[in-house]
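all I have is the shape, not the residue letters:
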């Protein structure tokens, strides 16, 4: 993998990745204005969580026409996009509208609430130059390269003392994606987020009690049982987790204990690319329409501590429960944290396995 | 307040409420089939939460035309709805498609996951006979009656040993409401849900440390500061919480320490009706369109323990962040539990206060 770092005219950084060295002429930006960094954090004293306030984000780009796609390569120099024309496979750049930033200034003092600087990073990861592509349809080598890019970004962001790096993809306008071009994002947090803090606690407790790695063990057990398997290849298995919250939810997990993407062997990366691609294409094939989903890459925290309790997993949360019905998070989910789902993982796996690829 | 209990032809129970005694002729049901009770719980060992599986709910009524409104009073005996024709103000009945039920059978044994019976209750609360009404536009006495109904249902459900009773309203198709008739729901859980368990812990810690009630103190402080107040009357104040997660989020809170709706004095119920009505109408007036929201009533747990640390609050979570843009829960919210919001509570309160009622 080759990586070249650039600085955009507005001061933001960009990294291009490829199997051969990236080659471009000029580094564009849709604007010369520096990125807005007016976020701050506020502390919820009841749920004991940080909430991010990023008022400037109201004006972010919203569902532009394909001709105005800011993630397409720049072809007309008078109308620069975020990305150059040239030879590269995957592009990463700092978000113009970041919720979190390494340059976050000291927080405002606000009466009645504890505040903190919104330290972190928000990056955009463009999976392909072709705006009509989709992650699941990309060549397997490209998907494997994206894993390497995520691992590289994780290493990079860890250097700045950030506690957690979360690559994710919001796919589909139903999921709130504001750009259709195939891309994901990376949020890196200066603190360990609630979901991951909870997972570290329970996984460590499990390891202390049993000496075992809960997630890798689950992957092996699901592969053996088979009833919830969606795809499996070599050292990686995709299955509907037996306790999933979303309809047709899929986890892609190595059967070996590996805390993060950087720890995967090349053959495991390739296995994971195959299994992820099959999983995404089965979701699209289920009702012959692109499945809107949230995909997250759940690596171990980057807090410097060893994480033998943690195995990396990719979680795919579809938000369609029937061809014409979305899954909404409402009263019980948002009000109580109790998810209710209509489809059992066993039925979901059976339906997904029957999709012809 | 008067309440009469009935049994529907399919065995479900119904309660009618009014300021004068309810009077009806026959008790209808759209079906004679008994309600489906095939839910079960599964335990997520990583986040240590229960997830509800209710496969039969896929077939529930979905956005019927006004002529097929199952919550309208029955006018044609050959086409019975859920509710009778007659004199009553508020109606409650057991959901035909319950996620949780007191009659839940023993859970299935499922390989690879801990299961439990889906003990609890799911009720529908119809706010008015008029299908075109909305909660915020109802007469204040009706809103105060709805508080009494919620309190009555809470007392009733507590008798069965349920740990938490959550009244809520999903309003608007954008929020996933499948019926437009003004109504809410009540979910009662056999276990203390994650969100409430977390709140009890932190509120108790706060009380042990300071001897104070965090939420009632917050209401008093917000009323004094004024910068985030949306409406205030007598002993109740509505404000954008300084650490809210949703755009234009509003909390309606008494300034006196009261753990649940049953503990409110009549004058406080009336104050709360006024303040809630103003809050909801300000949300609708913000962009002159009905605001889709999730409203939850956060009372103390019904686990039998005293809860001097807890003050009841109504939380309103709008999911529109601009006239033509919804707030989506995506990567950072669902993947990390970290909410990012575009509008500060101070700006939200200013905009809401400027709405002419």
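All right, it came through fine. Note that the structure is predicted; figures quoted are calculated from it, not measured.

pull the longest helix from chain A.
The longest helix of chain A (DSSP state H) is helix A:266-286.

can you list the buried residues in it?
A:268-286 (16 or more other CB atoms under 10 Å in any protein chain shown). To be clear about C-beta, it is placed using only N, CA and C from the backbone, and glycine gets the same treatment.

cool, and stretch A:131-142?
A:131, A:134-138, A:140, A:142.

mind putting the residues you listed into TSV with pLDDT?
Listed next are those as TSV, based on pLDDT from 0 to 100:
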residue	pLDDT
A:131	95
A:134	97
A:135	98
A:136	98
A:137	97
A:138	98
A:140	98
A:142	98
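
now, which of these sits nearest chain B?
residue A:135 (14.3 Å; CB to the nearest CB).

which secondary structure element contains residue A:221?
helix A:214-225 (DSSP states H and E).

right, is that helix up against chain B?
Yes. Applying CB under 8 Å from any CB of the partner chain, one finds helix A:214-225 in contact with chain B at A:214-215, A:218, A:221-222, A:225.

state the pair within the buried residues of stretch A:131-142 that is farthest apart.
A:131 and A:140 (20.6 Å; CB to CB).

what kind of secondary structure is the nearest residue to residue A:125 once chain neighbours are set aside in?
Counting by CB to CB, 6 or more residues apart in numbering or on different chains, residue A:125 lies nearest to residue A:184, which is 4.6 Å off, once chain neighbours are set aside. What DSSP: H, G, I helix; E, B strand; the rest coil gives for residue A:184 is strand.

what's the neighbour count on residue A:184?
24 (other CB atoms under 10 Å in any protein chain shown).

the helix or strand bottoming out on mean pLDDT in chain A - contacts with which helices or strands?
Ranking every helix and strand in chain A by mean pLDDT, DSSP states H and E puts strand A:325-326 at the bottom, with a mean of 90. Under the contact criterion of 3 or more CB pairs under 8 Å, 6 or more residues apart in numbering or on different chains; DSSP states H and E, strand A:325-326 touches no helix or strand at all.

so what touches that strand?
With contact meaning CB atoms under 8 Å, 6 or more residues apart in numbering or on different chains, strand A:325-326 is reached by A:174, A:292, A:319-320, B:62, B:176.

now the residues you listed: which count as buried?
Using 16+ other CB under 10 Å, the buried ones in these are A:174, A:292, A:319-320, B:176.

how near is the nearest residue to residue A:346 once chain neighbours are set aside to residue A:315?
Excluding the flanking residues, the one nearest residue A:346 by CB to CB, 6+ apart is residue A:227, at 5.4 Å. Going from residue A:227 to residue A:315 by CB to CB, to the nearest Å gives 19 Å.

neighbour count for the two, which is higher?
residue A:315 (22 against 15).

what is that one paired to in the beta sheet?
Beta-bridge pairing of residue A:315 under DSSP bridges involves residue A:251, residue A:296.

quick check, pLDDT for the residue of the stretch 101-250 of chain A found nearest chain B.
Of all residues in the stretch 101-250 of chain A, residue A:176 sits closest to chain B, at 2.6 Å by CB to the nearest CB. With respect to pLDDT, residue A:176 scores 88.

for it, phi and psi?
phi 90, psi 10 (degrees, to the nearest 10).

and the residue lying closest to it once chain neighbours are set aside, what is it in contact with?
Spatial nearest neighbour of residue A:176, chain neighbours left out: residue B:328 (2.6 Å); criterion: CB to CB, 6+ apart. By CB under 8 Å, 6+ apart, the contact list for residue B:328 reads A:170, A:175-176.

try residue A:140
A:270, A:273-274, A:277.

apply 10 Å and report the result again.
A:269-274, A:276-278 (CB atoms under 10 Å, 6 or more residues apart in numbering or on different chains).

same check, this time on residue A:142
Shown in contact with residue A:142 (CB under 10 Å, 6+ apart): A:19, A:89-90, A:127-128, A:133, A:135, A:273, A:277.

and residue A:257, by the same measure?
A:212-213, A:215-217, A:219, A:263, A:308-312.

at 6 Å what do you get?
By CB atoms under 6 Å, 6 or more residues apart in numbering or on different chains, the contact list for residue A:257 reads A:213, A:216, A:311.

need the pLDDT of the first one.
Confidence per residue is given as pLDDT, and for residue A:213 that number is 97.

secondary structure class of the nearest residue to it once chain neighbours are set aside, three-state.
Distance criterion CB to CB, 6+ apart; nearest residue to residue A:213, sequence neighbours excluded, is residue A:257 at 4.4 Å. With three-state DSSP as the basis, residue A:257 sits in coil.

model confidence for residue A:63, exactly?
69.

meant to ask about residue A:57, not that
For residue A:57, pLDDT reads 63.

same question for the one 3 residues further on.
Predicted confidence (pLDDT) for residue A:60: 65.

neighbours around the closest residue to residue A:90 other than its chain neighbours, how many?
Nearest in space to residue A:90, with sequence neighbours left out and distances taken as CB to CB, 6+ apart, is residue A:17 at 4.3 Å. Residue A:17 has 21 neighbours, counted by other CB under 10 Å.

same check on the one 4 residues further on?
Close neighbours of residue A:21, defined as other CB under 10 Å, add up to 11.

do residue A:337 as well
Residues near residue A:337, counting by other CB under 10 Å: 18.
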